Each structure stands twice: as structure tokens, then as C-alpha cells.
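A.B. asks: Fold the following, please.
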Amino acid sequence: MSNAVVQKVMENAVMGLAKKLESQIDSEINKLDNLNDDDIESIRQKRLEEIKRRQEKSKEWIQKGHGEYIELFNEQEFFKAMKGEEKMVCHFFRENWPCKVMDKHLSILAKKHLETKIVKINAEKSPFLTERLKIWMLPTLALIKYEKTIDYVVGFDQLGGNDEFSTEMLEERLAKSEIMDWDVSGSHRVAAAPAKSIRKSNLYKQTESDEDSDFD
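C.D. replies: Down below sits the predicted model:
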């Protein structure tokens, strides 16, 4: 990604974040009529510190390729992209209509959710990964935290069962697996993330003591 593109993505992300957090600050202050000036200033300072912290984190994410929906062209690129990432979504695709629908939504979410790296890889050109992760239907999204596959979104069954689902529905489904930052507490438009992976293999069984990568 060129320096100009990185700078533009970073500026847009920081401006959007600043406006969002500032709006939240103003909303909270308006609700807290009983607070004195010192209390209000303390709240504002805490929020400004949060904005600064988030801005610094955004710069780090963008430098690592977040903010854009990236195609990986081989398995080596996949491992390089995944290394050191806290949250990553990988779309296993082929050239068909359902995968193009998923592309459209993921492209939007990549720009919105800098905290998550979002990539895609051609399943037919990635035999090791598709076998290792038991990819059997396309599109499939592999949801990865710290190099461990925590969940999958397989096809459109959890998104209404057809290709007319909204970006917000996909966003909510991913957030329920805690792969994106989003408040889903009052929403019930999509199926909840399964309590356990749909995969039966021990490869996908995660325990607190298991710190190994799924991809070793």
C-alpha cells in the first residue's frame, strides 16, 4: 500500500473516529445534568485520552494492511498476513456470484473496522489451507484470533439464507464472534454465533492451555 493511500485511509479513519467519540462525549455530558464543571472536565479528558489512544492504534493497524480488503494470492501470503494479528477474517472464495456478494460487504467492513484485518484467498489455489480448515462450501469466512480459528461463517445460512442480506447483518454476525467491535446487545437480526465450532475435528477445539496455532 503506497504512503499516499495509507495517509488517506488513516486520515479518514481518524476523522471518523474523532467525530464519533466526540458525539458520544457530548451526548453523555448532556445527560449528566447533576455533575459539576470539574466532573464534566474529567469525563472529557478521559474521552480525549481514549481518542488519542485509538488514533495511535489506528496508525499501527493501517501500517499492517488494515482498512483495505486485500486479496492474498498464495498460502505463503496468508501466513505472512496472519502473523501477529489479533483479529483477522479470511474469505475463502472462488469466482462465482455468492462470493462476489460477500466481497461487496467485506470491502465495506474492511474500511469501517480497522481493528480487524480482512482478506480473501482463492480456495481452489490454496489446497493446504482448505484441507487444514475443512473448507467444504464457498463462500466461507474463517474467523481468526491470534493465529487460531475461532469460528466460521459458512455460506449464507446465518445471514437470512439468501444473497439479499445487508452489510449490517454480516457485521452483526461477525461481532457476535467478537471478531469486530460492535454493540450487538439489543439486536437479533441474525443467528447467534454457535457455542462451539461446526467442525468436529480436535484441530478446532480450543482450550485455555492450548497456545499453539491451528496452522502449524
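
A.B. asks: Can you list the low-confidence ranges for the chain?
C.D. replies: For the chain, residues meeting the criterion pLDDT under 70 lie at 1-7, 9-11, 13-14, 16-21, 24-37, 39-40, 183-216.

A.B. asks: And the strands in it?
C.D. replies: 70-72, 87-93, 117-122, 140-145, 148-154 (DSSP state E).

A.B. asks: Next, the angle from the second one to strand 140-145.
C.D. replies: Going back to what we said before, that points to strand 87-93. Strand 87-93 runs at 160 degrees relative to strand 140-145, counting by axes from the mean of the first three to the mean of the last three CA atoms, to 10 degrees.

A.B. asks: For strand 87-93, list every residue counted as buried.
C.D. replies: For strand 87-93, the buried set under the neighbour-count rule, 16 or more other CB atoms under 10 Å, comprises Lys87, Met88, Val89, Cys90, His91, Phe92, Phe93. All C-beta spots, glycine's among them, are computed from the backbone N, C-alpha and C.

A.B. asks: Contact partners for the second one?
C.D. replies: Contacts were defined as CB atoms under 8 Å, 6 or more residues apart in numbering; by that measure Met88 touches Ala81, Met82, Thr116, Lys117, Ile118, Val119, Leu143, Ile144, Lys145.

A.B. asks: for those residues, which one is nearest Tyr69?
C.D. replies: Ile118 (5.5 Å; CB to CB).

A.B. asks: I'd guessed the closest one sits against Lys87; true?
C.D. replies: No: the criterion here is CB atoms under 8 Å, and Ile118 misses it with Lys87 at 9.3 Å.

A.B. asks: what sits against Leu141?
C.D. replies: Neighbours of Leu141 in contact, by CB under 8 Å, 6+ apart: Val89, Cys90, His91, Phe92, Met102, Tyr152, Val153, Val154, Leu174.

A.B. asks: Apply 10 Å and report the result again.
C.D. replies: For Leu141, the contact set (CB atoms under 10 Å, 6 or more residues apart in numbering) comprises 89-93, 102, 106, 118, 120, 151-155, 170, 173-174, 177, 179.
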